[in-house]
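> Sequence first, predicted coordinates after that:
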Amino acid sequence: MLEGNKKVLFGILAEHGITAVIVNFDGYGDSGQIEDITAQSGDVVVELPDERIEIFRPGWDSPDVERQTHTVREAIEALSYDFLAQTHCGWENNEGAYGDFTFDVTEGSITLDYNERYTASENYSHEF
């Protein structure tokens with residue numbers, strides 16, 4: 001599913017001259033969200049196309065595959081959430097995590113830069 005979805009998404013982005021998409025996310029306290037999506041054509045920030053595309057996603061708690069139609073922006077969000085669930089399930093829990101995805105249309109790749117927050121504790125015991 002991933003390769004097919006990526007091919008369809010990258011095809012539409014390339015048709016519109018988009019060379020990269022940066023997706024910022026942040027999560028903590030059992031809540032997480034996509035903060036921002038920025039599309040670029042070279043070094044210039046551009047708008048995402050308004051077109052709708054069909055992607056395939058695994059069914060929730062089921063072996064079935066669902067066909068879903070989304071705007072390009074919604075498809076990018078959906079795929080980003082799927083990648084996070086696949087690689088870092090629970091990224092939004094407790095202290096959470098933040099980072100960004102880079103959808104490099106020119107190279108045909110998606111890179112995740114992931115930063116996990118945690119609380120550290122050190123215990124010392126002394127007897128005198």
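Received it, and whenever you're ready, just let me know what you need.
> Which other helices and strands does the worst-scoring helix or strand of the chain on mean pLDDT contact?
When each helix and strand of the chain is scored by mean pLDDT, DSSP states H and E, strand 52-58 comes last, with a mean of 89. The contact analysis (3 or more Cβ pairs under 8 Å, 6 or more residues apart in numbering; DSSP states H and E) places strand 52-58 against helix 2-15, strand 65-71, helix 72-87. Quick note: C-beta positions are derived from backbone N, CA and C, even for glycine.
> deepest of the ones you listed, which one?
A comparison of the helices and strands packed on strand 52-58 by mean neighbour count, using mean count of other Cβ atoms under 10 Å, puts helix 72-87 on top with a mean of 18.
> Which residues are in contact with Lys7?
Lys7 makes contact with no residue under the criterion Cβ atoms under 8 Å, 6 or more residues apart in numbering.
> residue nearest the centroid of the chain?
In the chain, the residue lying closest to the centroid (Cα atoms, centre = their mean) is Ser80, at 2.1 Å.
> For the closest residue to Gly32 other than its chain neighbours, which residues are in contact?
Spatially, and ignoring its direct neighbours in sequence, Gly32 is nearest to Glu92 (2.9 Å; Cβ to Cβ, 6 or more residues apart in numbering). Residues near Glu92 by Cβ under 8 Å, 6+ apart: Gly27, Tyr28, Asp30, Ser31, Gly32.
> Please flag which of these sit within strands.
Gly27, Tyr28, Ser31, Gly32 (DSSP state E).
> Can you tell me which of the residues you listed are buried?
With burial judged by 16 or more other Cβ atoms under 10 Å, the buried subset of these is Gly27, Gly32.
> Can I get the ones in strands among the contacts of Glu92 in a markdown table including pLDDT and distance to His16?
Listed next are the ones in strands among the contacts of Glu92 as a markdown table, based on pLDDT from 0 to 100; distance: Cβ to Cβ, whole Å:
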| residue | pLDDT | distance to His16 |
| --- | --- | --- |
| Gly27 | 94 | 30 |
| Tyr28 | 91 | 34 |
| Ser31 | 90 | 32 |
| Gly32 | 92 | 29 |
